[in-house]
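*Asks:* sequence and predicted structure are below.
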2 protein chains.
Amino acid sequence: MAVKVTPRSEDYARWYTEIVQKADLADYAPVRGCMVIKPYGYALWENIKEGLDRRFKATGHANAYFPLFIPMSFLEKEAEHVEGFSPELAVVTVGGGKQLEEPLAVRPTSETIIGHMYAKWIQSYRDLPVLINQWANVIRWEMRTRLFLRTTEFLWQEGHTAHATAEEAMEETLLILDLYAELATEDAAMPVIKGRKSESEKFAGAVTSYTIEAMMGDRRALQAGTSHFLGQNFARAFDIQFLDENNELQYVWTTSWGMSTRMVGGVVMVHGDDQGLILPPRLAPIQVVVVPIWRDEEQKEAVLKAAAQVRAALEPEVRLKVDDREGLSPGWKFNDWEMRGVPLRIEIGPKDVEQGQVVLARRDRPGREGKTTVPVTGLAEAVRNMLDTLQADLYRRAEAFLKEHTAYPEDFEGLREAAADGFAYAWWCGSAECEAKVKEETSATIRCIPLDQGPGKGRCIVCGEEAAERAVFGRAY
Amino acid sequence: MAVKVTPRSEDYARWYTEIVQKADLADYAPVRGCMVIKPYGYALWENIKEGLDRRFKATGHANAYFPLFIPMSFLEKEAEHVEGFSPELAVVTVGGGKQLEEPLAVRPTSETIIGHMYAKWIQSYRDLPVLINQWANVIRWEMRTRLFLRTTEFLWQEGHTAHATAEEAMEETLLILDLYAELATEDAAMPVIKGRKSESEKFAGAVTSYTIEAMMGDRRALQAGTSHFLGQNFARAFDIQFLDENNELQYVWTTSWGMSTRMVGGVVMVHGDDQGLILPPRLAPIQVVVVPIWRDEEQKEAVLKAAAQVRAALEPEVRLKVDDREGLSPGWKFNDWEMRGVPLRIEIGPKDVEQGQVVLARRDRPGREGKTTVPVTGLAEAVRNMLDTLQADLYRRAEAFLKEHTAYPEDFEGLREAAADGFAYAWWCGSAECEAKVKEETSATIRCIPLDQGPGKGRCIVCGEEAAERAVFGRAY
């Protein structure tokens, strides 16, 4: 019997935790709040990485690497920053057998140590902009952890840029937000809402934080990537100054932005069904699994030969695996690969070999409906097309789900109901009090003030005062 | 004036430290013994990574990720291992504002925590082999540090595999040694000696350690990659057992292997000259720099147009940069890119545009001798060929240098002289006493017992007793 997973429709939270482990994405580590990313989960992350790295490089960014350890005094230089991160720090107090004079924080994020280096590197307007990204591990001592979504250690990229003007820094902040949205929609088939964070939810030390927010399968929101306009806060704290074209000393304007292994959890939660994962083809470590079906040795030889031909026709463009394991029935293999979310299965039986055909089975449409018989001639094109269609269909399905669970309530009662069911777009006056009241009474928070506001003005759904902007409310991970 | 670097021939150590910083490979960090890898240095590391990752995946390995923090009790489970690494540990004692019950070591290497997970994952012979690699940062509290060569934090890959038999584990250990040697020779143009470490130099916890050793430009040895046969040491310490085909419980056999950012330092030290870096084309972040030369606006327009055509003809196969910076003379640019080690320069002046040609200048042959005028037609092929030739020539030059400074002394006095000049192959009886005596009196150590032994037997160069093997002696980084 194949591995059993709690159906998604029955207990979503349990389904998530089980499927992440049973599909070999990750495992709990023997260190509090940490996880082990297993090869299948890491391959998914590698594809996300590759998608981001390519986009960063195409827009002029370069990778670099800064130290893991940050002197405590650095963190203290930016007041809001230290207040935000202090409670979450892991601190090294012993090195090489000796008590350290100054304890070292294990980086929770790297604005401070990078700010220190930028102060040294940046002298003149000719040194700007600095467009650097770092792939790294970070540590945040979290109280309640969940595989991929919230772990004490996680992997991410953190971009840190410095610019001569506020406008240029803001442009960068929004460019990155676009790249994150592109990765989410194009690669992860995950529709997102681009928006600004409220003051209470912004990054510690930022002037303005931007976010992409996605709706998971349980209608909760996931903050999937953030891009921060830091103004001159860190430039002042770390004295990052440059001589401008008029030979006057100015502080630079900085940004920072990050996307993490949390995105792997997002991919799992957006797609998936009762049978397990459904991975979008662009990110799937294995896009196509070939299951040869035989009863006797003669059949075996024929179908394995056909499987090898299919492999030759599809590789290396398609990430493919031939499951020729012995002693496991085809049905067991079907279930196993369905659970692991492989987008497309190719079945090859003796009859198929005879007739020069194979059966394609789509993961997103289990059963007869998702099966097509196609001739071996022209298979590569058929597979490519089907993967593209599947990718687009996954996006459309997620988008329809998002729309279905998005409401536009006009009073507080409506907001309460809407936020319990998904996302609610509502007018908000901008006050922290009204924001807090919603959180208290509905457990929903402002996920973002969407960039796409639509026309008009309204009245705050909480206090009734004039409101210039709509906010998106939802319960968040 | 271009940046001045201390000539390599004058003061090698100073040249190294200066060129690493001036060529923007790395900078000192404000944390003891740590460095910042700048974009140019990181791009070099990315190319090394890519070369290794491709080879690992082609031989069946997959990447995964294990926690940064290791409970102290884990390290203590393997006696030699803890003895070797204890003095170098950084220890986290505070997390989330509280004193931790059990302090956490920041990983110096991951055999222990990975061993713990393997014990959980491996049940049966069907689960073997496990072939996992991790790209990660590690911390070793070093007393004397040097950019890239020895830093408190460094980046590396660490492979960890588990096998059903000793033979298979040994095969894996040597396969990886071959991949390391391939990366070094083919990509880094760095000749290496493959060999076994002596008992005193082996990895803490290994049964046998293998190494690739290279000769740097100052005739010192650099250990550039190591592959360890761990026997059942870690399997016993972490209880990694499996049911074999006869349903009997057995301990697995494990290996571990690593190559680090130290390799970047190796590339710098093997090649390079008085003018600065010379990067092998396969690893160079920028393989070709195009320097357009103009005096007036009319010429400028023509040469920039030609430069754009050259770019179009060469990208994306060739990693190329057009240096169209204003206000810097062509001579300054030549020096700057020579200092940074770009293998090939393309000069385009107004006369070249008229005659449909460009000038190619090889970094490894400064001056007239390295310049060739080639027609724009067929440029891509000419450039590809020249990069290949240059790569091969760099290897040949390093190989000739290695041979020139390798001796086969027959008595202790000869060993002393030979080890002061480079590498010495000499018979060794295998005793720790003789090994120690050489170290004490010559400051040379046994770099390895080379796999390629040649025929015969001899007498130990120290004690005169019968010796079955030759060792390579040299002063090491």
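*Replies:* Done, it's in.
*Asks:* use CA for all of it now, contacts and neighbours both
*Replies:* Will do.
*Asks:* right, and A:W135 touches A:A62 too?
*Replies:* No - using C-alpha atoms under 8 Å, A:W135 is not in contact with A:A62; the gap is 10.8 Å.
*Asks:* low-confidence ranges, chain A, go.
*Replies:* Within chain A, the stretches with pLDDT under 70 are A:1-3.
*Asks:* so what's the residue nearest the centre of it up against?
*Replies:* Closest residue to the average C-alpha location of chain A: A:M263 at 2.1 Å, with C-alpha atoms, centre = their mean. Counting by C-alpha atoms under 8 Å, 6 or more residues apart in numbering or on different chains, A:M263 makes contact with A:F148, A:L149, A:A224.
*Asks:* what separation is there between the last one and A:E213?
*Replies:* In this case it means A:A224. In this view, A:A224 and A:E213 are 6 Å apart by C-alpha to C-alpha, to the nearest Å.
*Asks:* and stretch A:150-162, which residues are buried?
*Replies:* Within stretch A:150-162, the residues scored as buried using 16 or more other C-alpha atoms under 10 Å in any protein chain shown are A:150-162.
*Asks:* closest to B:V267 among the residues you listed?
*Replies:* The shortest approach to B:V267 among the buried residues of stretch A:150-162 belongs to A:Q157, at 26.9 Å (C-alpha to C-alpha).
*Asks:* doesn't A:A136 make contact with that closest one?
*Replies:* Yes - counting by C-alpha under 8 Å, A:A136 is a contact partner of A:Q157 at 6.1 Å.
*Asks:* contact residues of chain A facing chain B?
*Replies:* Counting by C-alpha under 8 Å from any C-alpha of the partner chain, the residues of chain A close to chain B are A:29, A:31, A:34-39, A:41-43, A:62-71, A:86-97, A:117, A:132, A:141-142, A:153.
*Asks:* mind telling me what element the residue nearest to the centre of chain A is part of?
*Replies:* Using DSSP states H and E, A:M263 sits in helix A:262-270.
*Asks:* other SSEs contacting the helix or strand following that helix?
*Replies:* Later in the chain than helix A:262-270, the nearest helix or strand by DSSP H and E is strand A:288-292. Here strand A:288-292 is seen to pack against helix A:297-314, strand A:320-322, helix A:330-339, strand A:344-348 when contacts are counted using 3 or more C-alpha pairs under 8 Å, 6 or more residues apart in numbering or on different chains; DSSP states H and E.
*Asks:* could I get those as JSON lines with distance to B:A237 and mean neighbour count?
*Replies:* Formatted as JSON lines, the helices and strands packed on strand A:288-292 follow (distance: least, C-alpha to C-alpha, whole Å; neighbours: other C-alpha atoms under 10 Å in any protein chain shown):
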{"stretch": "helix A:297-314", "distance to B:A237": "42", "mean neighbour count": "17"}
{"stretch": "strand A:320-322", "distance to B:A237": "35", "mean neighbour count": "18"}
{"stretch": "helix A:330-339", "distance to B:A237": "33", "mean neighbour count": "19"}
{"stretch": "strand A:344-348", "distance to B:A237": "42", "mean neighbour count": "24"}
